[in-house]
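[1] kindly return the folded structure for what I paste below:
(one chain, ligands or ions: 1)
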Amino acid sequence: MQGLMQDWPLLCHRIIDHAAAQHADRPVISRSIEGPIHTTNYAEVRRRALKVAQRLDRDGIKLGDRVATLAWNTWRHLEVWYGILGIGAIYHTVNPRLFPEQICWIVNHAEDRMMFVDLTFLPILEKHAAGLKSIERFVILTDAAHMPQTTLKNAVAYEEWIGEADGDFAWKSFDENTAAGMCYTSGTTDNPKGVLYSHRSNVLHSMMAGMPDAMGVSSCDVVLPVVPMFHANCWGLALTSPMLGASLVMPGARLDGPAIYELLDTCKVTFTAAVPTVWLMLLADLEKTGAKLPHLRRVVIGGSASPRAMTQTFQEKYNVDVIHAWGMTEMSPLGSLCSMKPEYAALAGEARLDVQMKQGHAPFGVEMKITDDSNRPLPWDGKTFGRLKVRGASVARRYFKDDTEILDPDGFFDTGDVATMDPHGYMQITDRSKDVIKSGGEWISSIDLENLAVGHPKVAEAAVIGVRHPKWDERPLLVVVLKKDQQASREEILDFMQGKIAKWWMPDDVAFVAEIPHTATGKILKTELRERFKDYRLPTAAA
Ligand code: ADP
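    Model (predicted):
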């Protein structure tokens with residue numbers, strides 16, 4: 001027997017309809033690419049998104065067509081997203097930090113028909129335009145006054161382009177399982193893989209993200225997603241914020257410490273989210289200027305492990321609660337958030353920080369398990385680590401144009417992460433399975449060592465890789481970037497770590513470097529470091 005409730009498909013553009021009806025005047029503030037701060041609101045974003053939809057429709061973009069965006073977080077990017085969604089086309093966020101060859105590969109693989117581009121990326125795109133075979137037209141996200149001369153095919157300024165639409169248009173209707181958006185994983189080793197979100201999975205993910213023990217955003221919040229829309233849907237915030245009626249602050253192209261601080265301060269931001277490298281820059285800037293963060297209440301840190309010292313500084317020096325979060329492109333991206341269940345809520349000081357080093361617990365909609373290599377479940381004792389696998393309403397079941405089976409026999413996706421689960425359901429990432437250091441048959445977590453090393457007051461950034469060892473197979477090498485104008489010896493760094501970890505986890509050596517390479521999503525590029533140090537001879541290797 002079927003229920004007798006209304007059929008109300010979970011379509012993403014219903015989110016902007018809701019925001020325009022219930023939170024019409026809520027500000028959407030952006031740092032424009034042209035420079036000045038721009039303010040609009042949800043009613044206006046919807047009005048212009050309808051023009052985008054109408055204009056796309058007139059340009060022949062149909063249900064299921066892919067439309068690329070190569071753009072920072074701004075109000076225009078938001079309008080474009082909802083416009084694309086509203087006609088059943090698919091927004092494809094392309095990460096501009098990828099190599100141009102990778103961008104061409106991804107765009108061709110997705111067969112994107114149009115591309116919306118920020119001014120920032122014109123020079124590089126023009127150089128590689130011949131490689132972007134499927135693109136029929138480029139829409140430059142600016143107005144006529146700022147439109148430069150360009151050789152890009154059928155290029156038009158965004159404001160001119162939507163200016164030709166009157167907005168007298170209705171969203172198309174279709175099934176909630178229709179594809180909505182697309183994002184390729186970085187593919188540091190293989191070719192990138194396309195993750196294809198549906199309207200239903202995006203809407204459910206947004207509801208999940210907003211829950212009190214997840215991001216817990218409300219209409220009283222002012223949300224600054226520093227994490228870009230091209231990095232796994234800016235962790236859902238471009239959909240979750242209008243769904244909940246929270247005000248949005250979009251940082252545009254400037255993600256440096258002073259620029260982010262200015263927005264946090266002038267827009268009275270209460271909630272923000274980004275990867276640790278962004279927060280390193282902000283905290284370094286605050287240390288220099290002595291500025292405080294009186295409005296900010298919560299910061300989500302994810303994408304890589306939040307170093308203990310960072311969590312501590314935010315909470316103790318700036319009175320900002322840290323929510324450590326874990327996820328991946330394949331999960332839309334949220335998988336777990338470290339909010340405090342009653343079992344841990346009363347903890348303070350170091351004991352609380354111990355819990356906050358964990359990546360947290362899964363919200364409704366995500367199931368988790370840890371298994372051995374034969375898919376046998378491992379205990380949730382906080383110590384045993386195994387392959388972390390997930391199943392849920394917004395988890396990928398296959399990649400775009402790829403028939404490879406990616407689920408285990410129970411329908412779980414192997415995340416490629418190695419993790420522990422504690423008795424209260426808190427997951428902690430030990431490592432990426434390919435980054436874990438295998439020493440004498442035992443595993444050493446590179447993440448734990450990195451987190452410890454960055455706690456040293458002179459260390460700006462640290463990476464740990466396994467280096468070949470004649471006796472132990474692999475031993476950890478600590479690669480360190482010192483803070484500006486600081487000097488430190490190998491012994492000084494190792495002494496600091498001594499006693500804080502098992503003796504056999506201690507790095508065998510420390511290499512000081514000027515810079516650590518990063519992936520397009522701001523993570524340490526271990527493959528390149530391993531390549532650079534592949535012939536490194538550890539002082540212990542002769543023993
Ligand atoms: P990429 O950035 O490589 O395109 P994702 O953003 O999907 O891909 O990265 C997902 C991976 O990032 C996870 O599988 C995990 O290894 C790592 N990751 C994400 N959040 C955290 C975290 N809080 N702590 C440790 N690792 C994390």
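[2] identify the bridge partners of the closest residue to Glu44 other than its chain neighbours.
    Leaving aside its sequence neighbours, Glu44 sits nearest to Val28 (C-beta to C-beta, 6 or more residues apart in numbering; 7.9 Å). All C-beta spots, glycine's among them, are computed from the backbone N, C-alpha and C. Listed beta-bridge partners, Val28: Thr40, Leu248 (assigned using DSSP bridges).
[3] give me every residue that touches Val28.
    Contacts for Val28 (C-beta atoms under 8 Å, 6 or more residues apart in numbering) come out as 39-42, 44-45, 75, 78, 247-248, 250.
[4] could you export these as CSV, including neighbour count and distance to Asp321?
    Formatted as CSV, the contacts of Val28 follow (neighbours: other C-beta atoms under 10 Å; distance: C-beta to C-beta, whole Å):
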residue, neighbour count, distance to Asp321
Thr39, 13, 28
Thr40, 18, 29
Asn41, 20, 28
Tyr42, 27, 26
Glu44, 16, 32
Val45, 24, 29
Trp75, 22, 28
Leu78, 26, 27
Ser247, 25, 19
Leu248, 28, 20
Met250, 27, 23
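[5] between those, which is closest to the ligand?
    The shortest approach to the ligand among those belongs to Met250, at 20.0 Å (C-beta to the nearest ligand atom).
[6] could you verify my assumption that the closest one touches Ser30?
    Yes. Taking C-beta atoms under 8 Å as the definition, Met250 is a contact partner of Ser30 at 3.9 Å.
[7] what do the two both touch?
    Shared contacts of Met250 and Ser30 (C-beta under 8 Å, 6+ apart): 73-75.
[8] near the ligand, which residues of the stretch 101-250 of the chain?
    Residues of the stretch 101-250 of the chain found near the ligand (C-beta under 6 Å from any ligand atom) are 185-186, 232.
[9] quick one: low-confidence ranges for this protein?
    Filtered on pLDDT under 70, the chain yields the residue ranges 187-189, 543.
[10] how about the residues of it near the ligand?
    Checking the chain against the ligand by C-beta under 6 Å from any ligand atom, the hits are 185-186, 232, 302-305, 324-329, 333, 359, 415-417, 429, 432, 519, 521, 523.
[11] try it again at 8 Å.
    Taking C-beta under 8 Å from any ligand atom, the part of the chain that reaches the ligand is made up of 95, 184-188, 231-232, 301-306, 324-331, 333, 335, 359, 415-417, 429, 432, 447, 519-523.
[12] among the residues you listed, which are located in helices?
    Among the residues of the chain next to the ligand, DSSP state H puts Ile447 in helices.
[13] PyMOL command for the buried members of the residues of the chain next to the ligand?
    Applying 16 or more other C-beta atoms under 10 Å to the residues of the chain next to the ligand, the buried members can be selected in PyMOL as follows:
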select buried, resi 95+184+185+186+231+232+301+302+303+304+305+306+324+325+326+327+328+329+330+331+333+335+359+415+417+429+447+519+520+521+522+523
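[14] keep only those of the residues of the chain next to the ligand that are in strands.
    Using DSSP state E, the subset of the residues of the chain next to the ligand located in strands is 184, 301, 324-327, 335, 415-417, 429, 432.
[15] biggest separation within these, which pair?
    Tyr184 and His324 (25.5 Å; C-beta to C-beta).
[16] find the residue at the geometric middle of this protein.
    Against the mean C-alpha coordinate of the chain, by C-alpha atoms, centre = their mean, the closest residue is His231 at 4.4 Å.
[17] tell me the bridge partners for the nearest residue to Phe230 once chain neighbours are set aside.
    With C-beta to C-beta, 6+ apart as the criterion, Phe230 has its nearest non-adjacent residue at 4.0 Å, and that residue is Thr93. Assessed by DSSP bridges, Thr93 has beta-bridge partners Thr69, Cys183.
[18] wait, isn't Thr93 in contact with Thr69?
    Yes. Under the criterion of C-beta under 8 Å, Thr93 makes contact with Thr69 at 5.5 Å.
[19] out of those two, which sits in the more crowded spot?
    Using other C-beta atoms under 10 Å, the more surrounded residue of Thr93 and Thr69 is Thr69, with 26 against 23.
[20] Met229 is in contact with that one, correct?
    Yes. Between Thr69 and Met229 there is a contact under C-beta under 8 Å: 7.4 Å.
[21] which parts of the chain belong to which domain?
    With domains defined by automatic domain parsing, the chain comprises 13-205, 363-432, 437-532.
[22] can you give me the end-to-end span of the last one?
    What it means is domain 437-532. Using C-alpha to C-alpha, to the nearest Å, one end of domain 437-532 lies 17 Å from the other.
[23] how about Tyr426: what's its closest non-neighbour residue?
    Nearest residue to Tyr426, sequence neighbours excluded (C-beta to C-beta, 6+ apart): Lys358, at 4.5 Å.
[24] got a list of what the residue nearest to the centre of the chain touches?
    So His231 contacts 95, 275, 303, 521-522 (C-beta under 8 Å, 6+ apart).
[25] same thing with Met497?
    By C-beta under 8 Å, 6+ apart, Met497 lies in contact with 449, 452-453, 456, 506-507.
[26] quick one: it and the ligand, what's the gap?
    19 Å (C-beta to the nearest ligand atom, to the nearest Å).
[27] mind listing residues that contact the lengthiest helix in the chain?
    Using DSSP H, we find that the single longest helix of the chain is helix 42-58. Under the contact criterion C-beta under 8 Å, 6+ apart, helix 42-58 has outside partners 13, 16-17, 19-20, 23-26, 28, 67, 75, 78-84, 86-87, 89, 114, 161-162, 164-169, 171-172, 242, 245.
[28] among those residues, name the ones in helices.
    Filtering the contacts of helix 42-58 for helices - DSSP H - leaves 13, 16-17, 19-20, 75, 78-84, 161-162, 242.
[29] among those residues, who's most crowded?
    Ranked by neighbour count (other C-beta under 10 Å), these have Gly83 at the top, with 32 neighbours.
[30] and the residue of the stretch 151-300 of the chain found nearest the ligand, what does it touch?
    Scanning the stretch 151-300 of the chain for proximity to the ligand using C-beta to the nearest ligand atom identifies Ser186 as nearest, at 3.5 Å. Going by C-beta under 8 Å, 6+ apart, Ser186 touches 95, 98, 192, 519-521.
[31] now do 7 Å
    By C-beta atoms under 7 Å, 6 or more residues apart in numbering, the contact list for Ser186 reads 192, 519-521.
[32] using CSV, lay out these together with distance to Glu350.
    Below are those laid out as CSV (distance: C-beta to C-beta, whole Å):
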residue, distance to Glu350
Pro192, 41
Thr519, 32
Ala520, 35
Thr521, 31
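[33] what's the closest of the residues you listed to the ligand?
    Scanning the contacts of Ser186 for proximity to the ligand, where the rule is C-beta to the nearest ligand atom, the winner is Thr521, at 3.2 Å.
[34] quick check, that closest one in contact with Ser304.
    No. Thr521 is not in contact with Ser304 according to C-beta atoms under 7 Å; the separation is 9.0 Å.
[35] pretty sure Leu224 belongs to a strand, no?
    Yes. Assessed by DSSP: H, G, I helix; E, B strand; the rest coil, Leu224 belongs to a strand.
[36] right, and it touches Thr270 too?
    No. Look at Leu224 against Thr270 with C-beta under 7 Å: they stay out of range, at 8.9 Å.
[37] Phe99 and the ligand, how far apart?
    Taking C-beta to the nearest ligand atom, one finds Phe99 at 14 Å from the ligand.
[38] ok, the nearest residue to Ile61 once chain neighbours are set aside - contacts?
    Of all residues not flanking Ile61 in the chain, Ala89 sits nearest, at 5.1 Å (C-beta to C-beta, 6+ apart). Contact partners of Ala89, counting by C-beta under 7 Å, 6+ apart, are 56, 61, 63, 65, 67.
[39] gap between Ala89 and Cys267?
    Distance of Ala89 to Cys267, computed by C-beta to C-beta, to the nearest Å: 31 Å.
[40] got it, and Ala165?
    Where Cys267 is concerned, Ala165 sits at a distance of 30 Å (C-beta to C-beta).
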